[in-house]
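> Take this sequence and fold it.
(one chain, ligands or ions: 1)
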Amino acid sequence: MPMVFDSYEISNGHTVKTDLCIIGGGMVGIAIARALAQSGFGVVLLESGGRDYEGPSQALYQGKGELSGEAAASRDISNYLVTSRFRQLGGSGNKWGGKCGIPDEEVFEDRSWIPNSGWPISRSSLMPFYDQACDVLGINKFDYDPAEMRDPKRPSLSLNGSGITTSTRHMTAVTGRSPQKTEFEDYIRGVTDDPSIDLYLHANVVDMAMNEAGSAVSSVKVATLRDNSFIVRAKQFVLATGGIENARLLLHANQRQPEGLGNQHGMVGRYFSGHMTTGNNSLLYFTNLAQSLSLYTGRNRKFPWGVLKTTKMAQAKHRLPNATLTLSANGVSPREDDEPVLKSAYLADGRLGRPDLSGFKLKGNVVSAYLMSEEAPNAESRIVLSEDRDSLGVRRVQLDWKFTSGDLDAIMASADLFAREMGALGLGRMKPILNRNLLLFNAGPSSHHVGTTRMHPDPKRGVVDTDCRVHGVGNLYIAGSSVFPSAGIVNPTLTIIALGLKLSGHLRNRL
Ligand SMILES: Cc1cc2nc3c(=O)[nH]c(=O)nc-3n(C[C@H](O)[C@H](O)[C@H](O)COP(=O)(O)OP(=O)(O)OC[C@H]3O[C@@H](n4cnc5c(N)ncnc54)[C@H](O)[C@@H]3O)c2cc1C
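Predicted coordinates:
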């Protein structure tokens, strides 16, 4: 019998006992529960939302957000806290784009020109888990040669060997918003239909209690929006509430440690970064390309997408972080007259002004493009708690997302690098129409939330160890992009799932 409980029906003060308690039934919480189903020990999955979107649950995500750069005024992005994540079973997976990729090797390495970069685990040690994550998400593994995606009339665009730019492989996976919704529903059914998993809906974890010695979590308090609450006791806990909420709950759970759980060195909430997207049409790529743009090997994707990146060598030479250029043919086929595309580019945001296209010959295909750039890990870019509380009494998030001048310089320099190199390679010409001073106002913050409980073996420099266990708390683990120490530029979910599956193996051994 599948065990799905509606927490509204659990009696006040009830205690649930289990071996493993997973907090958050989003993409990774579900992956971990599925991996440990039928293992012979008790698994409880606590999910704040219901099966469908519900406004009052989503409102618990409200908070204050500000985006600022050293050289620019700040921008209120409070809305970002409720538009970049979704509080319901399946989490943000209900809305995600399904783009998956594996970050390049350099992201895991210490890049001397980016302070605090690198991971304490290698990419190669994660590779088996990436393969498993591909299976979980229903995509081909990354050694797959997508011959059927190729346009037989045009060879694939290959920049490898130029030493300057290269392609990065992506695939698209199941998502709650796509025509493959049924596959996403299957993903969720892995927890709703498995009798070995006890799933609680409308179960908001609002506090965590420690044992006498202060060395482990003994229980969590669950509250609902209808005023009943209960306790869950477990041997092991996994916090999987998303890249922002993981930090929020640690900071809020301060009964024993006034600065917050696992926050003895003030590291929780720090090093927040996302991926800044310059916005569609902020760069226009004009090409006579005979090659195909189908570098983005999509499932059922009609339009070819190309995702290009600067090589490790080019990054080192120009002291730049990871950056990608996404060329989206999104229906823009060769045009005789390129003017409409340009118009839509600068009309999209009047503040961009008309791009200076003098000396720029318009011919060939026009492809809109956008740039995504990695921010250098920055301790001052962070989440703290405000004095405001949500309707369950949990202090709300205040996101202070800071860009340094270096981050802004890097965006401009990466755009120039792409433009120069593509011109030099004779692949076409690119016109960056970015305005450095308006970058933070025009750019779109991606829905990727990285870094707030970063992994580092030294408790003074990170929140979790290499097993994703919170330093100083024997039985509390974190799953999600909050543990990434360096963001890289690839969409995070495949890595989140790979780390979650690695953690599942560790928990299986411990339990
Ligand atoms: C519009 C959009 C497009 C995206 N596109 C992509 C993409 O193409 N590729 C990619 O890799 N990523 C993409 N992402 C990001 C992706 O969705 C996330 O990386 C992924 O969902 C993170 O998984 P998670 O399990 O860590 O968090 P989530 O999926 O957000 O799940 C967290 C879960 O925790 C629950 N929860 C929160 N607080 C509590 C609490 N106190 N108690 C109990 N439960 C709680 C939530 O309800 C939720 O179900 C996109 C996101 C959005 C919004």
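> where do the helices sit along the stretch 1-150 of the chain?
Listed in chain order, the helices of the stretch 1-150 of the chain (DSSP state H, counting those that start in this stretch) span 27-36, 55-59, 80-83, 105-108, 123-137.
> quick one: low-confidence parts of the stretch 401-511 of the chain?
Scanning the stretch 401-511 of the chain with the threshold set as pLDDT under 70 gives 425-433.
> near the ligand, which residues of it?
Within the stretch 401-511 of the chain, the residues that sit near the ligand (CB under 6 Å from any ligand atom) are 447, 448, 480, 481, 491, 492, 493, 496. Where you see a C-beta, it was placed from the backbone N, CA and C, and this is true even at glycine.
> are any of these buried, and which?
Buried by 16 or more other CB atoms under 10 Å: 447, 448, 480, 481, 491, 492, 493, 496, out of these.
> I'd say the fourth one and residue 497 touch.
So that's residue 481. No - with contact defined as CB atoms under 8 Å, residue 481 does not reach residue 497; the gap is 10.7 Å.
> all helices of this structure, in order?
Under the criterion DSSP state H, the chain contains helices at 27-36, 55-59, 80-83, 105-108, 123-137, 181-192, 245-252, 312-318, 339-348, 405-424, 439-442, 493-510.
> returning to what we had before: wait, which of the helices of the stretch 1-150 of the chain is closest to residue 218?
Nearest to residue 218 among the helices of the stretch 1-150 of the chain is helix 27-36; the distance by CB to CB comes to 20.6 Å.
> now the strands for the stretch 351-500 of the chain?
Along the stretch 351-500 of the chain, the segments classed as strands by DSSP state E, counting those that start in this stretch run 365-373, 382-389, 395-403, 429-432, 444-445, 476-478.
> Deepest-packed of those, please.
Greatest average neighbour count among the strands of the stretch 351-500 of the chain goes to strand 476-478 (a mean of 27), per mean count of other CB atoms under 10 Å.
> in terms of contact count, name the helices or strands touching that strand.
strand 229-239, helix 493-510 (3 or more CB pairs under 8 Å, 6 or more residues apart in numbering; DSSP states H and E).
> go with 6 Å
Under the contact criterion of 3 or more CB pairs under 6 Å, 6 or more residues apart in numbering; DSSP states H and E, strand 476-478 touches strand 229-239.
> what's the strand it packs on in contact with?
Here strand 229-239 makes contact (CB atoms under 6 Å, 6 or more residues apart in numbering) with 10, 14-23, 44, 217, 219-220, 222-223, 246, 475-479, 507.
> Drop anything exposed from those residues.
Among the contacts of strand 229-239, those buried by neighbour count (16+ other CB under 10 Å) are 10, 16, 18-23, 44, 217, 219-220, 222-223, 246, 475-479, 507.
> Skipping its backbone neighbours, what lies nearest residue 269 in space?
What sits nearest to residue 269 in space, not counting adjacent residues and going by CB to CB, 6 or more residues apart in numbering, is residue 383, at 3.9 Å.
> related to what we said a few turns ago, nearest to residue 207, out of the helices of the chain?
With respect to residue 207, and counting by CB to CB, the nearest of those is helix 245-252 at 7.2 Å.
> Restricting to C-alpha, output that closest one in PDB.
Extracted C-alpha coordinates of helix 245-252, given in PDB (Å, rounded to 0.1, in the frame of the first residue of the first chain):
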ATOM      1  CA  GLU A 245      15.800  27.300   1.800                       C
ATOM      2  CA  ASN A 246      18.600  24.900   3.000                       C
ATOM      3  CA  ALA A 247      20.500  27.900   4.400                       C
ATOM      4  CA  ARG A 248      17.300  29.500   5.700                       C
ATOM      5  CA  LEU A 249      16.400  26.500   7.800                       C
ATOM      6  CA  LEU A 250      19.900  26.100   9.200                       C
ATOM      7  CA  LEU A 251      20.000  29.800  10.200                       C
ATOM      8  CA  HIS A 252      16.500  29.600  11.700                       C
END
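> does the ligand sit close to it?
Yes - for helix 245-252 and the ligand, the contact criterion (CB under 6 Å from any ligand atom) is met by 245, 249.
> Spell out which parts of the stretch 1-150 of the chain neighbour the ligand.
Neighbours of the ligand within the stretch 1-150 of the chain, by CB under 6 Å from any ligand atom: 23-29, 46-49, 84-85, 87-88, 91-93, 95-100.
> Same check on the stretch 151-300 of the chain?
Residues of the stretch 151-300 of the chain found near the ligand (CB under 6 Å from any ligand atom) are 203, 204, 205, 240, 241, 242, 245, 249.
> Of those, which pair is most distant in space?
Farthest apart among those by CB to CB are 203 and 242. That separation is 15.4 Å.
> Looking at the stretch 251-400 of the chain, which residue is nearest the ligand?
The nearest approach of the stretch 251-400 of the chain to the ligand comes at residue 394, 7.3 Å away (CB to the nearest ligand atom).
> Redo the residues of the stretch 401-511 of the chain next to the ligand as JSON lines? Include distance to residue 387.
Converted to JSON lines, these look like this (distance: CB to CB, whole Å):
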{"residue": "447", "distance to residue 387": "27"}
{"residue": "448", "distance to residue 387": "28"}
{"residue": "480", "distance to residue 387": "26"}
{"residue": "481", "distance to residue 387": "27"}
{"residue": "491", "distance to residue 387": "34"}
{"residue": "492", "distance to residue 387": "31"}
{"residue": "493", "distance to residue 387": "33"}
{"residue": "496", "distance to residue 387": "31"}
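> Which pair of the residues you listed spans the longest distance?
For these, the farthest-apart pair by CB to CB is 480 and 491; their separation is 13.8 Å.
> I'd guessed the residue of the stretch 251-400 of the chain closest to the ligand sits against residue 206; true?
Yes - counting by CB atoms under 6 Å, residue 394 sits close enough to residue 206 to count as a contact (5.3 Å).
> Sweet, I'm off.
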